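*Asks:* Can you look at this prediction? I've put the sequence above it.
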Amino acid sequence: MTLQNKTLQRYRQFFPEETLREISDRTGIQITRVFRLFNGKNMKVGELEAFEKAITDKIAESPSYHRLNTAMDEASSLLTNDELGKLADYIERKITNKRYSRTYIRSVFQDAVMA
């Protein structure tokens, strides 16, 4: 998967119900260009940055995000390498579990719809 596809997919996770016009307003990219980007046209660097900024702004709205960043900064200066490794393993395990649970639920739902 390309960086463009990952960025657009991630954008849709944060803003699943947005119309092309709303995406255009949020990113500052013309509506026809947004349509083309979502239909496979190659993205310019400035457009990629606009989508990434919208995602970053949405994440930054969460107070948990600020707490996590603060905790990670403090942990990197206080904890040992082994402790940081364990913390990274824990976070990776949480991400993997979340990813697989969504995949499992999606496949079960699709099987139920097919039946």
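*Replies:* All right, it came through fine.

*Asks:* mind checking how far stretch 37-56 is from the chain centre?
*Replies:* For stretch 37-56, the separation from the chain centroid amounts to 13 Å (computed by C-alpha atoms, centre = their mean, to the nearest Å).

*Asks:* which residues sit against that stretch?
*Replies:* With contact meaning C-beta atoms under 8 Å, 6 or more residues apart in numbering, stretch 37-56 is reached by 3-4, 7-8, 10-11, 14-15, 20, 26-29, 33. Backbone N, C-alpha and C define where each C-beta goes, glycine included.

*Asks:* Show me which of those residues are buried.
*Replies:* Buried subset of the contacts of stretch 37-56 (neighbour count, 16 or more other C-beta atoms under 10 Å): 4, 7-8, 11, 26-27, 29, 33.

*Asks:* So which residues of this structure form helices?
*Replies:* Along the chain, the stretches classed as helices by DSSP state H are 3-14, 20-27, 31-38, 45-60, 63-78, 81-114.

*Asks:* What residues of the fourth one count as buried?
*Replies:* The one in question is helix 45-60. By 16+ other C-beta under 10 Å, the buried positions in helix 45-60 come out as 47, 50-51, 54-55.

*Asks:* Please dump those into JSON lines; it should also carry distance to residue 41 and pLDDT for every row.
*Replies:* Shown next, in JSON lines, are the buried residues of helix 45-60 (distance: C-beta to C-beta, whole Å; pLDDT from 0 to 100):
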{"residue": "47", "distance to residue 41": "10", "pLDDT": "96"}
{"residue": "50", "distance to residue 41": "15", "pLDDT": "96"}
{"residue": "51", "distance to residue 41": "14", "pLDDT": "96"}
{"residue": "54", "distance to residue 41": "18", "pLDDT": "95"}
{"residue": "55", "distance to residue 41": "20", "pLDDT": "94"}
